[in-house]
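K.L.:
3D, please:
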Amino acid sequence: MSTETADPGHGHSPAAWTAVTIMLIAITVGTVAFFLDVQWLVWASAVVLVVGLIVGWALARAGYGVGGAKVSPKVH
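P.N.:
Residues are numbered from 1 along each chain as shown. Okay, the predicted model is just below:
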C-alpha cells in the first residue's frame, strides 16, 4: 500500500472559484425568490445555475482549471 496520494487540487483555481460564485449567487437569489413566490425568478436562477456550471467547465477547458496552463501553481 502506497502512502502517496494524488492531490486533486481541491478546486483552487479561477475556474472553480468563478463557477462556485455564480452558482452560489443563483442559489441565493432562487431561494429568496421561492420564499417570495416569484416563479419566473426561481426558473431564471435555475438557468443561471446551469450557466455557472458551463462557465466553470469552459474556463477549465481554456486552461484556468487545476493544473491548467494559465494558472500559476501555489506554493504552500
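K.L.:
Please point out which parts of stretch 50-63 sit buried.
P.N.:
For stretch 50-63, the neighbour count (16 or more other Cβ atoms under 10 Å) marks 52, 55-56, 59-60 as buried. For glycine as for every other residue, the C-beta is placed from the backbone atoms N, C-alpha and C.
K.L.:
among these, which two are most distant?
P.N.:
With Cβ to Cβ as the measure, no two of these lie farther apart than 52 and 60, at 12.7 Å.
K.L.:
one step back: now flag whichever of the buried residues of stretch 50-63 is closest to residue 22.
P.N.:
Among the buried residues of stretch 50-63, and counting by Cβ to Cβ, the member closest to residue 22 is residue 52, at 3.3 Å.
K.L.:
from what I can see the closest one touches residue 22, true?
P.N.:
Yes. Using Cβ atoms under 8 Å, residue 52 is in contact with residue 22, at 3.3 Å.
K.L.:
shared neighbours of those two, anything?
P.N.:
Taking Cβ atoms under 8 Å, 6 or more residues apart in numbering as the contact rule, residue 52 and residue 22 touch no residue in common.
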